[in-house]
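Trainee: fold the stuff below for me.
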Amino acid sequence: MRLILLLIITTLLSSSIDAQKRNSPPRQVIIKGDAERTGILKSDGFTIDFPAAPTRSVEQFEAAYGKTNMVSYRLSTGLGFYGVNYIDFPTVMTDKAEMNLRFDVMKTALLKNPNDRLISETEIVFGDNSGVEYVIENKDATITMRGLFVRQRFFQLLVVTKGRMSKASEKVKTFNRKNIEKFINSFAVTGLPSPKTEAVELPADFGIQMSGSVFTSKFFGFSMTLPKDWIPVEKDQTDVLKDLSAQSAEESGAKFKNLLDLSLNNTEILLFLTKSDLKTSPNDAVFAVAAEKVSFPNFVPRAMTDSYLKTFLEADEKTSKPTSVVKLGGVDFAWIEVENAAQAYKQRIYIANRKGIAFQILLIYRAESELKTLLESMQTIKFSDVQVSPK
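Mentor: Numbering: from 1, shown residues only. Sure thing, here's the model as predicted:
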């Protein structure tokens, strides 16, 4: 069953907001007074009542959709720490599963140390916008973090108070709670810039045809010759595999479930081949083609494969080939290979950005002869809008 589940994992390649590469040191601005503070905050599209003037900094990162900035306001006092961070995504964030995924990433970052303990997790409604609030303790402090999505902007409001809230006296709890609520509840959005782009919806019809051994998608202008004697999986079988994957995700924790919900709701499997007939025998090899709607049409395929290696590898899996780029039909595909030694199979995932959609190819195999057959078929890939010079 683990092998069959991997057939669906190719649909789980959604962008991550993890900062992957710092391109420049933070640029800091020291804010000197209340008037200047209010003006700068409003110029960034929000207001919040810091106890004193914070420091503003901007850090540039390489994200799954290219370079982006994280703007931060920070203030340390004798009684605690206050902060606001925000990141702008290229598109308005509307998918609940996607937002839950970002919240999970935030929670994971807050719980990175062994002594960190989640005290509470509360869903927040901010007008028409979704959010979540985490309260986390470590051995020295209590962290209150509220994440909010407002259109394309992801805000993080942070208060760190000294000591462990669960061990504090009622007087300390009341004092800290009052300061936390005063700061976080003073937050207001005054105006945001327009998003840079819009997510690309999957078409109702991919124009799929099978003519002999040639598979085509008119929408993508894609064609390839399929491996001889491999068997197409029928749609009802594919739907069953999706449901089984969703059931498995329910048992794997909230983060994995959010990832799977996001991808299954936004993915269309265009082609699904197996070496043997699933109705009559076990199967050792798979070839699949899928299209996934992603939040950012300007996504970088290499960043997505890197994110896959960081996010989805299980304890018995290892990277056998890290991210590389190969041309198929004149188009750049980022690809990786993962090996499961215990179950003696390998999988390869290829991703390209076609029309702002994640065009994905998945190979699962046990024998090198199966890989050779699949790679030979992939050499027949063509895209009608790409001219390939003869070798």
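
Trainee: how about stretch 75-85: buried residues?
Mentor: 75, 80, 82-85 (16 or more other C-beta atoms under 10 Å). Where C-beta positions appear, they are placed from N, C-alpha and C, glycine not excepted.

Trainee: export it to PDB, keeping only CA atoms.
Mentor: This file holds the C-alpha atoms of stretch 75-85, laid out as PDB (Å, rounded to 0.1, in the frame of the first residue of the first chain):
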ATOM      1  CA  LEU A  75      11.000  46.100  20.100                       C
ATOM      2  CA  SER A  76      12.600  44.700  23.200                       C
ATOM      3  CA  THR A  77      11.700  46.100  26.600                       C
ATOM      4  CA  GLY A  78      12.500  45.200  30.200                       C
ATOM      5  CA  LEU A  79       9.200  43.200  30.400                       C
ATOM      6  CA  GLY A  80       9.100  41.500  27.000                       C
ATOM      7  CA  PHE A  81       9.500  41.500  23.300                       C
ATOM      8  CA  TYR A  82       7.100  42.800  20.600                       C
ATOM      9  CA  GLY A  83       7.200  42.200  16.900                       C
ATOM     10  CA  VAL A  84       5.400  42.300  13.600                       C
ATOM     11  CA  ASN A  85       6.500  40.500  10.500                       C
END
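
Trainee: straight-line length of stretch 188-198, end to end?
Mentor: End-to-end distance of stretch 188-198 (C-alpha to C-alpha, to the nearest Å): 25 Å.

Trainee: so what touches that stretch?
Mentor: Contacts to stretch 188-198, defined as C-beta atoms under 8 Å, 6 or more residues apart in numbering, come from residues 42, 45-48, 88-92, 150-153, 296-298.

Trainee: of those residues, buried ones?
Mentor: 45-46, 48, 88-92, 150-153, 296-297.

Trainee: please enumerate the strands of the stretch 51-200 of the chain.
Mentor: Taking DSSP state E, counting those that start in this stretch as the criterion, the stretch 51-200 of the chain carries its strands at 55-63, 66-76, 80-88, 117-126, 129-137, 141-150, 153-162, 188-189.

Trainee: need those strands in a markdown table with distance to residue 99 and mean pLDDT, can you?
Mentor: Listed next are the strands of the stretch 51-200 of the chain as a markdown table, based on distance: least, C-beta to C-beta, whole Å; pLDDT from 0 to 100:
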| stretch | distance to residue 99 | mean pLDDT |
| --- | --- | --- |
| strand 55-63 | 16 | 87 |
| strand 66-76 | 17 | 90 |
| strand 80-88 | 13 | 93 |
| strand 117-126 | 11 | 90 |
| strand 129-137 | 5 | 91 |
| strand 141-150 | 5 | 92 |
| strand 153-162 | 9 | 93 |
| strand 188-189 | 16 | 91 |
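
Trainee: including distance to residue 365, could these go into CSV?
Mentor: Listed next are these as CSV, based on distance: least, C-beta to C-beta, whole Å:
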stretch, distance to residue 365
strand 55-63, 32
strand 66-76, 33
strand 80-88, 39
strand 117-126, 41
strand 129-137, 41
strand 141-150, 40
strand 153-162, 39
strand 188-189, 51
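
Trainee: closest to residue 213 out of these?
Mentor: strand 66-76 (38.6 Å; C-beta to C-beta).

Trainee: so which bits of the closest one are buried?
Mentor: 68-75.

Trainee: quick check: beta-bridge partners of the nearest residue to residue 378 once chain neighbours are set aside?
Mentor: With C-beta to C-beta, 6 or more residues apart in numbering as the criterion, residue 378 has its nearest non-adjacent residue at 5.9 Å, and that residue is residue 328. With DSSP bridges applied, residue 328 shows beta-bridge pairing to residue 331.

Trainee: before we move on, what about residue 72?
Mentor: Per DSSP bridges, the residues bridged to residue 72 are residue 57, residue 85.
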